[in-house]
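Asks: Need the 3D shape of this:
(one chain, ligands or ions: 2)
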Amino acid sequence: MGFRVLIADPLSQEGITPLLETEEIQLDIGTEWTNTELFERISEYDALIIRSQTQVTRALIAKATHLKIIGRAGVGVDNIDLDAATEQGIIVVNAPNGNTNSAAEHTMAMMMALSRKIPQAYLSLKNKQWDRKKYIGKELKNKTLGIIGFGRIGAEVAYRAKGQRMRIIAYDPFLTEEQASKLGIKKGSLENVYAQADFITIHTPLLKETRYLLNQQAFEAMKDGVYIINCARGGIIDEAALYDAIQNKKVAGAALDVFEEEPFYEHRLLELPEIIATPHLGASTVEAQESVAIDVSEDIIRFMRGEAVHNPVNLPSIPREALTEIKPYFLLAEKLGQFLIHLANEPIQEINLYYSGDVAKTKIGPITRNAVKGLLARHLGDHVNDVNALYLAEKRGLTIHENMTSSTQGFTNLMRVEIVTKSEKKSVAGTLLNGLGPRIVKVDPYSVDVTPKGHLLVIHHQDQPGVIGKMGSLLATKEINIATMQVDRADVGGNAIMVMTVDRHIEKIELEALEQLEEIHKAISIDL
Ligand SMILES: NC(=O)c1ccc[n+]([C@@H]2O[C@H](COP(=O)([O-])OP(=O)(O)OC[C@H]3O[C@@H](n4cnc5c(N)ncnc54)[C@H](O)[C@@H]3O)[C@@H](O)[C@H]2O)c1
Ligand SMILES: O=C(O)[C@H](O)COP(=O)(O)O
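Replies: Ligands and ions are numbered 1, 2, ... in the order given. Down below sits the predicted model:
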């Protein structure tokens, strides 16, 4: 059947070449589909690619029973219910860099068209008017540009505006004084921006904190005759407040590429001659569209092939060099989790992770995620993955603690996973042996050396002569061949453990037969 990909919004044909050239991918174009069709057919797809039009709501995600990845060919993901995607284990990727330049250029074009009233003058000419007095503009030179949101696009706008000899004051919670002075701009608070700027351009995402950031109060705090440019997202400006601010001459004009509701065919703001507008064209250039479509297509192919994606939105992004270093620990962590959950006799309440040696020097978050995934997979199966492991653990009331310790116990790297239940703690520790892969080296207090792979049999028994022989004979009667065996004990004659690798899965009834032996406390079968 292949990996089924649905493109729901118009993408650059050249940009989807990587998908077209990948044999395993079966590509459908649903740009002409109605919403009803999309709802009816979404369950057929492994991947969905969109731009800003398609609303990926919780309801749509609930229907998307086979969906594994959503690719946003662009930056803003406010049209995707990220929580719903994460809960369903769907990874969301975007293409954050491909349209930066186009959006910055569009912002500059809008600012210049606004200050020189170009669209208004053009319309007037089209209407057979030759009116020169009406369209007197304002220069940008020596004016102050306030930039709210100094990320990729905000910074690109700053470079260009400096070329226009504007003074720049920027507000962004992450902008430091040092960065600002290096760039030759001023860092200010929102209030500073409002008080000083002649032009204000917005470049933040639409978030809870930025919704209606530019509201009546904000307009009141601005200079009289300020110009506003929004090529970021509708909803960051309160459109009703902007309308009033223009009517009462506080705001001299606004250039809008984005709106609270899109698309629309009539808009109250467009009745005002001080407003110029484009229908969300910031990223609409040949270059940007090709670039974002390539980026998102390549991430979908990477995902399909089990490789790390480059632009995850609902997973922490890991730099490539760091990923090479930590990836081998993912398997170790997952196997430790899968093994350990079989030792739990009661529901788990807490998961503790202890990292030491080389592994403690890496980015442990994604390693923890894999351990939790392994722990939950026994009861949640395929439903749990890297994307939703922590969410699902949290939903089940599990607390997770990560700890760094110095106790390497002679290994160059060691990670221990511990689960806490109402009445006991169980733990398993493992290491990554150079060139040999993951090894389990401790089960509770017992030292072992087990490759976490295949069919394992864990026996808790009394340390006494003959028990290993009895075990071996019983397994032989069931035609269960032992491939490897590890034994350790707490004290002579005390509690002991055997961890065996056997050649086939051991049935419950066979475990019960083993537990009939007097010296055997518990027999556990684990398939890894
Ligand atoms: N019109 C278009 O077609 C178009 C094209 C591309 C991007 N966009 C939009 O432009 C915006 C910026 O994109 P980007 O690629 O530069 O994103 P970015 O993530 O690189 O930058 C966003 C910046 O906003 C800052 N920020 C967040 N909350 C803030 C707040 N409350 N106050 C001030 N700053 C805040 C962040 O710290 C970050 O530096 C996004 O909304 C994106 O969707 C629109
Ligand atoms: O966030 C973005 O990348 C822009 O708003 C572009 O949106 P579009 O892909 O719908 O043009």
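Asks: any idea which element residue 308 lies in?
Replies: Using DSSP states H and E, residue 308 falls within no helix or strand.
Asks: Could you give the number of residues near it?
Replies: Burial measure for residue 308: 18 neighbouring residues, criterion other C-beta atoms under 10 Å. Heads up, the C-betas are built off the backbone N, CA and C, glycines and all.
Asks: Touching, it and residue 318? I think so.
Replies: Yes: counting by C-beta atoms under 8 Å, residue 308 does reach residue 318; the two are 7.0 Å apart.
Asks: Overlap in contacts, the two.
Replies: In terms of C-beta atoms under 8 Å, 6 or more residues apart in numbering, residue 308 and residue 318 are not both contacted by any residue.
Asks: Would you mind measuring from the closest residue to residue 211 other than its chain neighbours to residue 284?
Replies: Closest residue to residue 211 apart from its sequence neighbours, by C-beta to C-beta, 6 or more residues apart in numbering: residue 235 at 5.5 Å. As judged by C-beta to C-beta, to the nearest Å, residue 235 and residue 284 stand 20 Å apart.
Asks: just residue 411 next, same as before
Replies: Taken as C-beta to C-beta, the span from residue 411 to residue 284 is 55 Å.
Asks: go on, residue 470?
Replies: For residue 470, the distance to residue 284 - C-beta to C-beta - is 76 Å.
Asks: Residues of the chain that sit close to ligand 1?
Replies: Contact residues (C-beta under 6 Å from any ligand atom) of the chain with ligand 1: 75-76, 96, 99-100, 103, 148-154, 171-174, 203-207, 209-210, 231-233, 257-258, 280, 282-283.
Asks: Would you mind checking those residues for buried ones?
Replies: Buried members of the residues of the chain next to ligand 1, scored by 16 or more other C-beta atoms under 10 Å, are 75-76, 96, 99-100, 103, 148-154, 171-172, 203-204, 206, 210, 231-233, 257-258, 280, 282-283.
Asks: Narrow the residues you listed to those in strands?
Replies: 148, 171 (DSSP state E).
Asks: Return only those of the buried ones among the residues of the chain next to ligand 1 found close to ligand 2.
Replies: 75, 76, 99, 280, 282, 283.
Asks: Surely the last one and residue 103 touch.
Replies: Yes: between residue 283 and residue 103 a contact is recorded at 5.9 Å, counting by C-beta under 8 Å.
Asks: can you pull out the helices in the stretch 1-150 of the chain?
Replies: In the stretch 1-150 of the chain, the helices defined using DSSP state H, counting those that start in this stretch lie at 17-20, 35-41, 58-63, 82-87, 100-115, 118-126.
Asks: Next, format those as a markdown table and append mean pLDDT and distance to residue 505.
Replies: Output for the helices of the stretch 1-150 of the chain, formatted as a markdown table (pLDDT from 0 to 100; distance: least, C-beta to C-beta, whole Å):
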| stretch | mean pLDDT | distance to residue 505 |
| --- | --- | --- |
| helix 17-20 | 98 | 39 |
| helix 35-41 | 98 | 38 |
| helix 58-63 | 98 | 35 |
| helix 82-87 | 92 | 32 |
| helix 100-115 | 98 | 53 |
| helix 118-126 | 98 | 72 |
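Asks: Tell me which of those helices approaches residue 485 most closely.
Replies: Go through those one by one with C-beta to C-beta and the one that ends up closest to residue 485 is helix 82-87, at 42.4 Å.
Asks: ok, residues contacting the closest one?
Replies: Outside helix 82-87, the residues that touch it by C-beta under 8 Å, 6+ apart are 56-58, 61-62, 70, 91-92, 313-314, 387-388, 391-392.
Asks: OK, contacts around the residue nearest to residue 211?
Replies: Residue 235 sits next to 78, 206, 211, 212, 260 when contact means C-beta under 8 Å, 6+ apart.
Asks: just residue 346 next, same as before
Replies: Residue 346 makes contact with 421, 422, 423, 424 under the criterion C-beta under 8 Å, 6+ apart.
Asks: now with 10 Å?
Replies: Residues near residue 346 by C-beta atoms under 10 Å, 6 or more residues apart in numbering: 419, 420, 421, 422, 423, 424, 426.
Asks: Any of these buried? List them.
Replies: Buried members of the contacts of residue 346, counted by 16+ other C-beta under 10 Å: 419, 420, 426.
Asks: Right, I'll call it a day here.
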